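Quick one: sequence and predicted model below, then my questions.
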Amino acid sequence: MPLTDRALAYFRDAIQTGKINPGQEIDFAALAKELGMSRTPIRESIRQLVTEGLLEQLPGGSVCVTQLTAEESEDFYHVRDELEITAVRATALHISDLEIEMLKTNLSLFKSARNEPELLAKIDNQFHVVIYDACNNNYLSQTLKLLRTRIGQLKGRPFDNPARIDDAIQEHSEIITAIESRDPDLAEKAVAKHYSEARKSRLSLA
């Protein structure tokens, strides 16, 4: 993988999982050392992410993760939640037995990582990516993956809250059961509940 692409993948993952928090300045020297590359590909990736709105240039030349305002957060959730429901309804009709097993394995991994908030965020992302990929609509899948990256622009990390972890485990289990039933209405109900609770938990951290 080209160095710039490696740096881009690192930033997207770090923003999404909360490894780099909204408003946090990027330490170029430390990041170059961690990734084992010069600052050039890092700067190139940063320019692209600034263009995309994930990072922003500060006075003096420093760069930080862009933090969504309260209004932007509401807009984000409105669009994301509607698309999630569309995706899971399609997934309930098109998902394969293998993908259902992938969701079940993911849930087991999630339970075993309950003391590692950053790892939980990665496993949670993988859970939803399986659902996106199973919806049989590449445009919808890619759009939702891009939106999930922007979750990291919201303040706080939801899996720092043990109660939210317990709720997410139950909600993921209900989503799997609904999808496995091949019932789009049941799948929509399970996902709507999940994102309603996730939204309340995340916005309470603001």
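Cool, got the structure. Numbering: from 1, shown residues only.

Quick check: pLDDT value at Asp124.
Model confidence at Asp124, given as pLDDT, is 95.

oh, I was asking about Val50
94.

and it, how many neighbours?
Look at Val50: counted by other CB atoms under 10 Å, it has 14 neighbours. For glycine as for every other residue, the C-beta is placed from the backbone atoms N, C-alpha and C.

Quick check: the spatially most central residue of the chain vs Leu3, distance?
For the chain, Arg148 is the residue whose C-alpha lies nearest the centre (CA atoms, centre = their mean; 3.7 Å). Taking CB to CB, to the nearest Å as the measure, Arg148 and Leu3 are separated by 24 Å.

Secondary structure element holding the residue nearest to the centre of the chain?
Per DSSP states H and E: Arg148 is located in helix 138-149.

next helix or strand past that helix?
helix 162-180.

Kindly spell out which helices and strands sit in contact with that following helix.
Secondary-structure packing of helix 162-180 (3 or more CB pairs under 8 Å, 6 or more residues apart in numbering; DSSP states H and E): helix 70-94, helix 97-112, helix 117-133, helix 184-203.

residues of the second one that come out buried?
By that I understand helix 97-112. Glu99, Ile100, Met102, Leu103, Asn106, Leu107, Phe110 (16 or more other CB atoms under 10 Å).

ok, now how distant is the nearest residue to the last one once chain neighbours are set aside from Asp75?
Of all residues not flanking Phe110 in the chain, Ile123 sits nearest, at 4.8 Å (CB to CB, 6 or more residues apart in numbering). With the distance defined as CB to CB, Ile123 ends up 27 Å from Asp75.

quick one: which of those two has more around it?
Legend: neighbour count by other CB under 10 Å for Ile123 and Asp75, higher for Ile123 (20 against 12).

Report the contact partners of that one.
Applying CB atoms under 8 Å, 6 or more residues apart in numbering, we find Ile123 in contact with Asn106, Leu109, Phe110, Ala113.

is it true that Ile85 touches Val191?
Yes. Here Ile85 reaches Val191: they are 5.9 Å apart, a contact under CB atoms under 8 Å.

The two: which is more packed in?
Taking other CB under 10 Å, Ile85 and Val191 do not tie; Val191 has more neighbours (26 against 17).

Next one: that one from Glu180, what distance?
Applying CB to CB to Val191 and Glu180 gives a distance of 14 Å.

do the same with Ile46
Counting by CB to CB - Ile46 and Glu180 are separated by 42 Å.

before we move on, what about Ser201?
Distance from Ser201 to Glu180, by CB to CB: 26 Å.

Tell me which of the helices and strands packed on helix 162-180 sits nearest to Leu31.
The minimum distance between Leu31 and those falls on helix 117-133, with 16.4 Å, by CB to CB.
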